[in-house]
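Novice: Sequence and predicted model, in that order:
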Amino acid sequence: MARRVKALQNLPFIVGVNPWIKSVYKCITIPLEKLLSLPEPVDQETQQIFTEELRKLVQAHQEVIPKLAKGFKECIKYMTRDSATNFLDNMIHARIGIRVIAEHHLSLYTPAANYIGVVNTRLSPASLVTSVAKYAQELCEFNYGSSPEFNIIGHTDTLMAYIGVHLEYIFMELIKNAFRATVEYSQRTGRADHPPVEIAICKGPEDVIIRIRDQGGGISSKDLPHIWEYSYTTVPKYDEGDGIFSTQARMEMQSGVGGPIAGLGFGLPMSRIYAKYFGGSLEIRSINGHGCDVFLRVPNILGLSTHVIKD
Amino acid sequence: MLDKTPHAFLLGRRCPCAASKQNVSSPRRRRYTSQPNFYHNRILEQYASQETKRVTLRQLTVFGRTLTEEKLLKSANYVRAELPVRLAHRIFDFQHLPFIVGTNPHIEHIYKLYWEAFETFRSIPQITTLEQNREFCDTVEHMLDTHLVAIPRLAMGVAESGVHLAAREADRFMNEMLRSRIGRRVLAEQHITLSAVFDGRESQEPHYIGIVNTRCRAQDVVQRCSNLASRVFEEAFGVTPPEVAVDGHLDATFTYIPDQIEYIIFELLKNSMWATLEKHAPEVLVQATKDSGAEPELHREDDTRPYRTSSGNAPRLGEAWAANAALRNVRGTARDPMIPTPEHLDMTGPSSSYTSSSVPSSSSTADAVTKLPSIRATIGSADSLITFRISDQGGGIRRDALSHLWSYSHPSKRKFLNFAHVPRLAAKVEESEHHVVPTGLKLGLGLPMSKVYANYWGGDIEVCSMDGYGTDAYVTLKVGNQVENLTYTGG
């Protein structure tokens, strides 16, 4: 965490003055000082206090990413895209780490079946995908009046060990993107039926690969180089509403479990950081004018270590 | 010439080019067969210092649309002036290989071939009449034919030079060679075809200008390639091949050289079909290999023995090749490798890099085969890009194999030594059609060559694998006014 504070301190001064960024800075420094001031947890009692502080810290951090996102959106003219992307990559990566450690510690106190801390040891990607996709369908219905079907193929009986919320977050982002692209492409081209989104699950020798294949027209070569940049979004700006499905409706569609962060262009890069956290990967191949294939590769995390954070 | 070198015994045994050597008797070529002289290099350097004049696809078509005698002669002189420059660049490349590699008989042979071609073209005077043009076309055509040995011999040369040539260097060298070769052949074939049409010796197919098709239909390309791949598959295994379903922008049309895109799509479909068979009906594959009594001499993916042992200390000049020849003598007994029958060849080619982890339980062959999962070919078209995606359920590619998919120098490319069975190769689809490449013989060139073809007009090819499930290959072609891409940038 101290490293994150340092990274924030090294930002251009003007960026640090931005109220959003400033509150993030405070949000990190204050609990850090508190944690540091606590004695090493040696017995039951100090352990209790430590856990309590940790819980507060985790709660305070709920707001960090949306704040960062807004802050950087406002500051984009003061920084190059690359340095902003780098900063956010490291920031978020570290944040995931902090949260994983903290939450893991916390959840060790509330044991559940098949869980070791926050790690679900018998996670079924297929059923997780199904529940996420159903939820995304509802969102989609709500916003567009219709939604595409989805099929899950491949090794649907795969079980793996992973942090469920990470996977859920990634699935949500990817499936929402796929549905949104499919429906919007149908509207644009006057297509009567939405072609289904195909989700293939593959259990390889070392990892699990999930391919999400849509027919939502693909990503234009203009947008393709930018998809991993933070704050890059294909959602029009707030004041560019068009017709019935105005920006507001799209924003709704963009939200969901992601909370207010979506539509700010954080979905894809965030998902990739989550995927990379335990050494996985997230790749996109676009078939122009047809659709996209998104390849998510996540390792079975038992017995793996996290990636070292680079500063 | 070659026969007098110390490696003659090696050539005599393995040389696939006995046939082509008999062609070497035309008087025009004999003039230049002497060993290129060291002090002669000045002339080469003059040419090599000139920039190539790259053409665009649009130039090829616009130029050839309405032909006049004047234009044809202009084209002839462009080709006449351009070929020696491009050849000089490649000869220059040869000269910068490590000396030991240059002494490899295959590399040496092609080096000399290139020198002869260079000398031939640079001594042709300005072409001013149609008669001279006809003569020029004959020369070029003859040269194209003689140079069919280039790919096989370069591939074998590079495969044999494993110890002496860093992988990066080898890949760069091969890539430049193949890319430049495509470029020269495009220029040459375009001019020859245009000349033939102008003379009325050949009629131009509709929508074609020379060798360029201005209305290449993506769907037709896939259809033709899948028909051919299916036929080759059936001949090899006697079972129904996986179905190829085509979807997406079926009516997409674009201007392209059909030979090039067909080669790529055919290779991908063939790989997909073989992998699908291996994953879902491995017993058919095993049977086919057993029936044919698989040859231990053929080079397979895992066959790295001779090379691994000698790495480290470089042997003295000459010894290396002799040692390799000796090794081969041990391995290959008194059999004539010149006339391979398809049954005698390695059937496990690209699929040996594919995993076959989950083998379907004891289903009968016929049952399993009727259920081979289909291959999906999807066509996308937008923003001056044409995309082909070939998606199979053939079990994917191992992650460690992904890294050398495009390599010419990885130990797995010992398969290149199978080129001993394919002395002449133009790398065109019709060669599979007419069995120039014996059915089922794996050369290991398909993917890297496809990449060179795709890159040539600025496109690309990528492979994504779901290890244990299937593979997706993406071919992207840029359409519009694309310039030839002659320099290798990949790492």
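Specialist: Okay, I see it.

Novice: B:Asn104 is in contact with B:Ala159, isn't it?
Specialist: No: with contact defined as Cβ atoms under 8 Å, B:Asn104 does not count as touching B:Ala159 (9.9 Å). Yep, even glycine has a C-beta here, placed from its N, CA and C like the rest.

Novice: Quickly list what the residue of the stretch 51-200 of chain A found nearest chain B is bridged to.
Specialist: Residue of the stretch 51-200 of chain A nearest chain B, by Cβ to the nearest Cβ: A:Gly154 (5.4 Å). Using DSSP bridges, the bridge partners assigned to A:Gly154 are A:Ile201.

Novice: looking at it, it is touching A:Ala200, isn't it?
Specialist: Yes: with contact defined as Cβ under 8 Å, A:Gly154 reaches A:Ala200; the gap is 4.2 Å.

Novice: Residues that sit against both of these two, list them.
Specialist: Common neighbours of A:Gly154 and A:Ala200, counting by Cβ atoms under 8 Å, 6 or more residues apart in numbering or on different chains, are B:466, B:469.

Novice: burial count for B:Glu131?
Specialist: B:Glu131: 9 surrounding residues under other Cβ atoms under 10 Å in any protein chain shown.

Novice: helix or strand right after the helix or strand hosting it?
Specialist: With elements taken from DSSP states H and E, the one containing B:Glu131 is helix B:130-146. Later in the chain than helix B:130-146, the nearest helix or strand by DSSP H and E is helix B:150-160.

Novice: Downstream of that next one, the next helix or strand is which one?
Specialist: Counting by DSSP H and E, what follows helix B:150-160 is helix B:167-198.

Novice: Identify each buried residue in that following helix, please.
Specialist: Using 16 or more other Cβ atoms under 10 Å in any protein chain shown as the test for burial, helix B:167-198 gives B:169-198.

Novice: I'd like the distance between B:Ser203 and B:Thr193.
Specialist: According to Cβ to Cβ, to the nearest Å, B:Ser203 stands 11 Å off from B:Thr193.

Novice: how about the residues of the stretch 101-250 of chain B that lie near chain A?
Specialist: By Cβ under 8 Å from any Cβ of the partner chain, the residues of the stretch 101-250 of chain B that approach chain A are B:248-249.

Novice: So, low pLDDT: which residues of the stretch 101-250 of chain B?
Specialist: In the prediction, the stretch 101-250 of chain B carries no residues with pLDDT under 70.

Novice: Tell me the confidence at B:Gly394?
Specialist: Listed pLDDT for B:Gly394 reads 90.

Novice: do B:Leu10 as well
Specialist: B:Leu10 is given a pLDDT of 37.

Novice: now do A:Asp82
Specialist: Reading off the confidence values, A:Asp82 has pLDDT 70.

Novice: what about it, neighbour count?
Specialist: So A:Asp82, with other Cβ under 10 Å, has 9 neighbours.

Novice: Quick check: which element contains it?
Specialist: Per DSSP H and E, A:Asp82 falls inside helix A:81-107.

Novice: Can you name the next helix or strand after that helix?
Specialist: Helix A:81-107 is succeeded, C-terminally, by strand A:115-116 (DSSP H and E).

Novice: Each with direction, which strands does that next one pair with?
Specialist: Strand A:115-116 has the following strand partners under DSSP bridges: strand A:119-123 (antiparallel).

Novice: what angle do the very next helix or strand once past the partner strand and strand A:119-123 make?
Specialist: Counting by DSSP H and E, the element after strand A:119-123 in chain order, helix or strand, is helix A:125-144. Interaxial angle, helix A:125-144 versus strand A:119-123 (axes from the mean of the first three to the mean of the last three Cα atoms, to 10 degrees): 100 degrees.

Novice: So for helix A:125-144, what gets flagged as buried?
Specialist: Within helix A:125-144, the residues that qualify as buried are A:125-126, A:128-130, A:132-133, A:135-137, A:139-140, A:143-144, counting by 16+ other Cβ under 10 Å.

Novice: Summarise which helices and strands that helix is packed against.
Specialist: Judged by 3 or more Cβ pairs under 8 Å, 6 or more residues apart in numbering or on different chains; DSSP states H and E, the packing partners of helix A:125-144 are strand A:150-154, helix A:164-189, strand A:197-203, strand A:207-214, helix A:247-254.

Novice: Just the C-alphas of stretch A:209-223, formatted as CSV.
Specialist: This file holds the C-alpha atoms of stretch A:209-223, laid out as CSV (Å, rounded to 0.1, in the frame of the first residue of the first chain):
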residue,chain,number,x,y,z
ILE,A,209,-10.1,-21.1,-21.4
ILE,A,210,-13.4,-19.5,-22.1
ARG,A,211,-14.3,-18.1,-25.5
ILE,A,212,-17.2,-15.8,-25.8
ARG,A,213,-18.2,-15.4,-29.4
ASP,A,214,-20.8,-12.9,-30.5
GLN,A,215,-22.1,-11.6,-33.9
GLY,A,216,-22.2,-8.0,-32.9
GLY,A,217,-20.4,-6.6,-35.8
GLY,A,218,-16.9,-6.7,-34.4
ILE,A,219,-14.7,-3.9,-33.3
SER,A,220,-13.8,-1.3,-36.0
SER,A,221,-10.1,-1.0,-36.8
LYS,A,222,-10.4,2.6,-35.5
ASP,A,223,-11.4,1.4,-32.0
